[in-house]
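J.: Got a predicted structure here, sequence first:
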Amino acid sequence: QLQLVESGGGLVQPGGSLKLSCAASGFTSNSAAIGWFRQAPGKEREGVSCISSSGIITKYADSVKGRFTISRDNAKNTVYLQMNSLKPEDTAVYYCAAATSLSSRYLCDYGGMNYWGKGTLVTVSS
C-alpha cells in the first residue's frame with residue numbers, strides 16, 4: 001500500500017527554521033514527483049514546492065522562494081522541505097503528496113498528485 005508520512009512540524013518563532021520530512025513506503029520516492037502543500041485556517045490549499053522524480057525539476061511558490069528548499073534522499077525514500085526565515089503567514093498544516101503518472105512525475109504537476117499524507121502542523125508565532 002502506498003503511504004506518505006509527514007513529520008517535523010511544530011512551533012517556531014518568526015525567523016526560525018524547521019525541516020519537514022516526507023517518508024514514502026510502498027513505492028520508491030524517485031518513481032514519483034513529490035510535492036509539499038499547505039492549508040492555513042480559512043484558506044484554500046496551495047502548492048508550496050515540488051521535486052520531480054528525476055530531481056531535475058524543482059518548483060517553489062513565490063511566497064517561499066529563497067526561504068524554502070526541497071530535496072530528496074533516495075536511499076532513505078524521503079523528501080525534505082527545509083524552511084528558513086519563517087513568518088507567521090507560513091502557519092498551516094503542511095501535506096506531502098506524490099504524483100505517479102508518467103507526465104506528472106516528470107513535470108512536477110501540482111494538479112497530478114494522486115497520493116497524500118495526513119499532514120503536519122507548522123505554527124510560527126512568538
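T.: That came through, no problem.
J.: Give me the distance between the residue nearest to Q13 when sequence neighbours are not counted and V64.
T.: Excluding the flanking residues, the one nearest Q13 by Cβ to Cβ, 6 or more residues apart in numbering is S126, at 5.3 Å. In this view, the C-beta of every residue, glycine as well, is placed from N, C-alpha and C. Distance, S126 to V64, using Cβ to Cβ, to the nearest Å: 20 Å.
J.: Between these two, which has more neighbouring residues?
T.: V64 (22 against 8; other Cβ atoms under 10 Å).
J.: I'd say the more buried one and C50 touch.
T.: No: judged on Cβ atoms under 8 Å, V64 makes no contact with C50 at a distance of 11.7 Å.
J.: Helix, strand, or coil at G111?
T.: helix (DSSP: H, G, I helix; E, B strand; the rest coil).
J.: Quick check: closest non-adjacent residue to it.
T.: Using Cβ to Cβ, 6+ apart, the closest residue to G111 is S104 (7.8 Å).
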